[in-house]
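J.: show me how the following folds:
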Amino acid sequence: MTKYINLHKDYTLNRGSYQLKLPLNIEYLIPTNDSVRLLSQFVEEMDLSDLYSTYSRLRENKATPRQMLKIVLYSYMNRCYSSRKMESSCKRDVNFMYLLEGASPPDHSTFARFRSIHFAPCSERIMAEMVNFLYEIGEVLGDSIFIDGTKIEACANKYTFIWRKSVSKNLDKLLKKISSFIAECEKFYGIKLIYNNKVKIKHIKKLRKKLY
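T.: This next block holds a predicted model:
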């Protein structure tokens, strides 16, 4: 029985036997005006001696601290903050492979250690150096101050409730503190706050003016 060998002159024309062809140098796949090129050049100009000082030794064939910083910053630029997503991007995304420069992709635990152990102690100095560099090349004017506008959800909403016993207990404690404070004011400072067995807000305001 003769065995039939299916040979195609141009196998890429057949969808069933399609083979992905990539150039040996993946840099050709990245446009010249891509942001990853600008980030890589920007980090290369930085002095990262503080970051390197956090390492006791550097392993061969592994991503260097400079490459790790590039990957983390580029991930943040693309709103990717998960260490597992960074690991996946290094294996699938051409831009991340470009930043690795042929090194083996780090795993998620390596990214986690880099951010907590190595990058965190010197992050303020690195960010300050970045701002100074942007100021020197004219990208930042320096005449404005930006304040963090983080929004935090308050606990006081319609779904939050407090038990009545807890309110009554705290109210008793508060009334005892107020009564002791009033007695102290009358005894040591000669200030009268009780009129007709009542303490009013205007009496507290007068006391505040006298004390402060």
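J.: in this protein, which spans are helices?
T.: Under the criterion DSSP state H, helices of the chain are mapped to 35-44, 49-52, 65-77, 83-92, 94-100, 108-113, 123-136, 164-184, 201-211.
J.: return the most buried member of those helices.
T.: Burial among the helices of the chain, expressed as mean neighbours by mean count of other Cβ atoms under 10 Å, is greatest for helix 94-100, which shows a mean of 20. No exception for glycine: its C-beta is placed from N, CA and C like everyone else's.
J.: coming back round to it: so can I have JSON lines of the helices of the chain showing distance to residue 26 and mean pLDDT?
T.: Shown next, in JSON lines, are the helices of the chain (distance: least, Cβ to Cβ, whole Å; pLDDT from 0 to 100):
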{"stretch": "helix 35-44", "distance to residue 26": "11", "mean pLDDT": "90"}
{"stretch": "helix 49-52", "distance to residue 26": "26", "mean pLDDT": "90"}
{"stretch": "helix 65-77", "distance to residue 26": "15", "mean pLDDT": "93"}
{"stretch": "helix 83-92", "distance to residue 26": "12", "mean pLDDT": "93"}
{"stretch": "helix 94-100", "distance to residue 26": "5", "mean pLDDT": "92"}
{"stretch": "helix 108-113", "distance to residue 26": "21", "mean pLDDT": "92"}
{"stretch": "helix 123-136", "distance to residue 26": "27", "mean pLDDT": "85"}
{"stretch": "helix 164-184", "distance to residue 26": "62", "mean pLDDT": "78"}
{"stretch": "helix 201-211", "distance to residue 26": "71", "mean pLDDT": "65"}
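J.: quick one: contacts for the residue positioned nearest the centre of the chain?
T.: If you average the C-alpha coordinates of the chain and look for the closest C-alpha using Cα atoms, centre = their mean, you land on residue 81, 7.2 Å from that point. Applying Cβ atoms under 8 Å, 6 or more residues apart in numbering, one finds that residue 81 lies in contact with residue 75.
J.: tell me the pLDDT at it?
T.: Each residue has a pLDDT score; the one for residue 81 is 91.
J.: kind regards, and thank you for your time.
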